[in-house]
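Q: Provided below are the primary sequence and the corresponding predicted coordinates.
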Amino acid sequence: MTSSSTPAPDPSRPPGRARPLRRLTARGRGEAHRVATPLELFFDLCFVVAIAQAGMQLVHAVAEGHAGEGILNYAMVFFAIWWAWMNFTWFASAYDNDDILYRVVTLIQIAGVLVLAAGVSQAFEDHDYLAVVLGYVIMRLALTSQWLRVAGSSDGPERTMALRYAAGVLLCQIGWLGLVFLPEGARPWVFLVMAVLEMCVPPYAEKDHPTSWHPHHIAERYGLFTIIVLGETIAAATVAVKTGIEENDALADVLPIAAGGLLIIFAAWWIYFVVPIHGHLRSNKQAFLWGYGHYVVFASAAAIGAGLEVAVEHTVGKAHISTLAASAAVTLPTALYLLTVWALHSRYFKVGIAQQLVLPTAALLVICCTFLGEWAVFAAGVVSALAVATGETLTARMSFGERGTAARTPVA
């Protein structure tokens, strides 16, 4: 159970009667015992609603043989979800004062993602992005108001930083309207340009004055969201397997997919949390690369669940695609997840070439599993589990060797 990490109340007021409106000032990066708040956990859960909708539509697109179009729509919608979540997460790490206005504005952001979620099916099926853009704009305007509060509560470089954020976010919203008004063929280019511009706002805003985000808090927030996404993946895959068994009496056919999928998800959790990444987040440059890279981590983790659904639908005869395509729907996002987690933080804690090669080799083997037909998913699960076992064995041997060396070293 996590506890609230709000700033200490004003000592001039009686205990338990903190002011309902407080200055939105920076928190300390060195705060002890900084953990996620109940509001942040609620925020994450509501965002997963939108992720579930995006995953569901990806399943339909791939199962109907429109993988290219489905992946493009998924990438665009997922970016809107992830970017809004990430911006709030880093803002809250630096400026969460938990007063009434802060809570209300955060709830407005949650309302925005629910509007976005309601429009996901229209974006995939009718290429109508009005609701998606509207929900995104609601979330971003709410965040802009928070940055303006920061500007009003600060001065000097910090005030300039906050105003840069507010101006950058507002200007980007104008560009996103191109998804609504420009021809359909131009929308992928609009998305690409606007995604790059959005990601340029934080480095520009913080070039003279970085925000005081908390490394341990950020690592925890990303870890919690990873758990929630993996949990949604398990839920989606479980429903697919249940439907396959009940409607088609295909227990023997879907059992290898269920077992392989479970091994993949268990391995995905283990690999992500095996190292304490907060110690690596020491500068804005490191943090930006790590934080931005999680777009691929989250998107691929959610896509694994969609792929498992596709594999089940193919097994029971509902998906109009080849066995190779159904297998790739699971193995490719799994391999991408393994590679990205290794690149973002696992490699910083590996010692020696053997440890460094475990995850890249596992990713390559998972891709090779694509060609194993009906056993592809199960084989990918076994490879993922063996990657965990190999990594743990190599680490244990190194620790044992270090203890042995220490024991043989004479004491002066």
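A: Now that the structure is in, tell me what you want to look at.

Q: what sits against F88?
A: 43, 106, 109, 139, 143 (C-beta atoms under 8 Å, 6 or more residues apart in numbering). In short, each C-beta sits where N, CA and C put it, glycine included.

Q: list the buried ones in the helix or strand harbouring A363?
A: Counting by DSSP states H and E, the element that carries A363 is helix 352-368. Residues 355, 358-360, 362-363, 365-367 are the ones in helix 352-368 that count as buried (16 or more other C-beta atoms under 10 Å).

Q: distance between that helix and the chain's centre?
A: Averaging C-alpha positions (C-alpha atoms, centre = their mean, to the nearest Å) puts helix 352-368 23 Å from its chain's average.

Q: can you redo the buried residues of helix 352-368 as a markdown table with distance to V239?
A: Below are the buried residues of helix 352-368 laid out as a markdown table (distance: C-beta to C-beta, whole Å):
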| residue | distance to V239 |
| --- | --- |
| Q355 | 37 |
| V358 | 32 |
| L359 | 29 |
| P360 | 33 |
| A362 | 28 |
| A363 | 27 |
| L365 | 29 |
| V366 | 24 |
| I367 | 27 |
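
Q: Serialize those to a markdown table and add fields for distance to P20 and pLDDT.
A: Formatted as a markdown table, the buried residues of helix 352-368 follow (distance: C-beta to C-beta, whole Å; pLDDT from 0 to 100):
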| residue | distance to P20 | pLDDT |
| --- | --- | --- |
| Q355 | 52 | 83 |
| V358 | 52 | 90 |
| L359 | 49 | 92 |
| P360 | 53 | 94 |
| A362 | 52 | 95 |
| A363 | 51 | 96 |
| L365 | 57 | 97 |
| V366 | 52 | 97 |
| I367 | 55 | 97 |
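
Q: quick check, nearest of these to V316?
A: V366 (23.7 Å; C-beta to C-beta).

Q: would you confirm that the closest one contacts L338?
A: Yes: V366 is within contact range of L338, at 6.8 Å (criterion: C-beta atoms under 8 Å).

Q: which neighbours do those two share?
A: What both V366 and L338 touch, as defined by C-beta under 8 Å, 6+ apart, is the set S384.

Q: okay, buried residues for stretch 185-194 please.
A: Of the residues in stretch 185-194, those buried (16+ other C-beta under 10 Å) are 187, 190-191, 194.

Q: so for that stretch, mean pLDDT?
A: When pLDDT is averaged over stretch 185-194, the result is 89.

Q: and for stretch 293-308?
A: On average, stretch 293-308 scores 93.

Q: as CSV, could you dump the C-alpha coordinates of it?
A: Coordinates of each C-alpha in stretch 293-308 appear next as CSV, following Å, rounded to 0.1, in the frame of the first residue of the first chain:
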residue,chain,number,x,y,z
GLY,A,293,12.1,5.1,-24.8
HIS,A,294,9.3,3.8,-22.7
TYR,A,295,6.9,4.6,-25.5
VAL,A,296,8.2,1.4,-27.1
VAL,A,297,8.2,-0.5,-23.8
PHE,A,298,4.5,0.3,-23.0
ALA,A,299,3.3,0.0,-26.6
SER,A,300,5.0,-3.4,-27.1
ALA,A,301,3.8,-4.7,-23.8
ALA,A,302,0.2,-3.8,-24.6
ALA,A,303,0.6,-5.2,-28.1
ILE,A,304,1.7,-8.6,-26.7
GLY,A,305,-1.8,-8.9,-25.2
ALA,A,306,-3.4,-8.0,-28.6
GLY,A,307,-1.2,-10.5,-30.3
LEU,A,308,-2.2,-13.3,-28.0
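
Q: can you give me the buried ones in it?
A: Buried-residue list, stretch 293-308, by 16+ other C-beta under 10 Å: 294-308.

Q: okay, and which of those residues map to helices?
A: 294-308 (DSSP state H).

Q: now, which of these sits nearest A259?
A: L308 (11.1 Å).

Q: distance of the closest one relative to T233?
A: Using C-beta to C-beta, to the nearest Å, L308 is found at 8 Å from T233.

Q: run through the residues that contact the residue nearest in space to the middle of the chain.
A: Centroid-nearest residue in the chain, with C-alpha atoms, centre = their mean: F298, separated by 3.3 Å. By C-beta under 8 Å, 6+ apart, F298 lies in contact with 51, 78, 82, 225-226, 229.

Q: likewise for L58?
A: 70-71, 73-74, 124, 303, 306.

Q: which one of those residues sits closest to M161?
A: Checking the contacts of L58 against M161 with C-beta to C-beta, the nearest one is Y74 at 33.3 Å.

Q: so what's the closest one closest to, chain neighbours aside?
A: L58 (4.5 Å; C-beta to C-beta, 6 or more residues apart in numbering).

Q: quick check: buried residues in whichever helix or strand that neighbour is part of?
A: Using DSSP H and E, L58 sits within helix 38-63. Within helix 38-63, the residues scored as buried using 16+ other C-beta under 10 Å are 39-40, 43-44, 46-63.

Q: roughly how far does the residue nearest to the centre of the chain sit from K285?
A: In terms of C-beta to C-beta, F298 sits 21 Å off from K285.

Q: show me the contacts for G119.
A: Applying C-beta under 8 Å, 6+ apart, the residues contacting G119 are 128-132, 134-135.

Q: now with 10 Å?
A: Residues near G119 by C-beta atoms under 10 Å, 6 or more residues apart in numbering: 50, 53, 77, 128-136.
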